[in-house]
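Chemist: Need a 3D model of the following:
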Amino acid sequence: MNGSRDAGAESVDEGGLSPALLGIGVGVVDVAVFAYLGLELVDDPIFGAFVGLVLGIGTYLFLPGAMAKDRERDTDDLEPVAVGTRVRSFHRTAAGLALPPAGIMLFAWRLINDSLLLGVIGTAVIALAIYVPLAVLLPRRLA
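Modeler: Next up is the predicted model:
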């Protein structure tokens with residue numbers, strides 16, 4: 001009987017919310033909050049929801065890497081890899097860190113200017129300027 005109680009306690013400890021599930025929850029809240037902000041500030045809730053979706057996707061991509069436990073370093077993580085190989089492969093955490101500032105930039109641009117095309121171009125430039133260095137510098141275990 002005592003053994004079954006210990007097994008139940010371990011399952012409760014391990015049964016917490018997963019980082020991916022938390023990321024989805026935060027992403028849904030981002031969409032709702034920015035839809036409201038879009039309605040109030042620029043009279044366009046669809047644009048605000050899109051910005052919230054960009055931020056939510058960034059949070060979903062970044063949160064599991066941020067909450068991951070530090071494991072022992074693998075010898076695979078210490079081997080040098082060419083920069084071109086690192087940039088060509090998708091780095092989840094780097095993308096998650098690049099999307100929220102780009103989304104905030106797009107929302108700020110829309111507040112000061114009505115030209116959405118320039119805002120989208122600026123957003124893409126900001127996202128790439130953040131993603132590329134992070135994809136090279138962050139360890140592969142966070143990818």
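
Chemist: Quick one: residues contacting residue 96.
Modeler: 57-63, 65 (C-beta atoms under 8 Å, 6 or more residues apart in numbering). Using the backbone N, CA and C atoms, a C-beta is placed for each residue, glycine as well.

Chemist: and the least confident of these?
Modeler: Minimum pLDDT across the contacts of residue 96 is recorded for residue 65, with 80.

Chemist: any idea which element that residue lies in?
Modeler: helix 45-67 (DSSP states H and E).

Chemist: what does residue 105 give?
Modeler: helix 92-112.

Chemist: So residue 30, which state does it fall into?
Modeler: What DSSP: H, G, I helix; E, B strand; the rest coil gives for residue 30 is helix.

Chemist: pLDDT score assigned to it?
Modeler: pLDDT at residue 30 comes out at 93.

Chemist: And it, how far from residue 36?
Modeler: Distance, residue 30 to residue 36, by C-beta to C-beta, to the nearest Å: 11 Å.

Chemist: Neighbours of residue 115, how many?
Modeler: 10 (other C-beta atoms under 10 Å).

Chemist: What of the one 4 residues further on?
Modeler: Here the count is done by other C-beta under 10 Å, and residue 119 has 20 residues near it.

Chemist: which of the contacts of residue 96 has the most neighbours?
Modeler: Of the contacts of residue 96, with other C-beta under 10 Å as the count, residue 58 tops at 25 neighbours.
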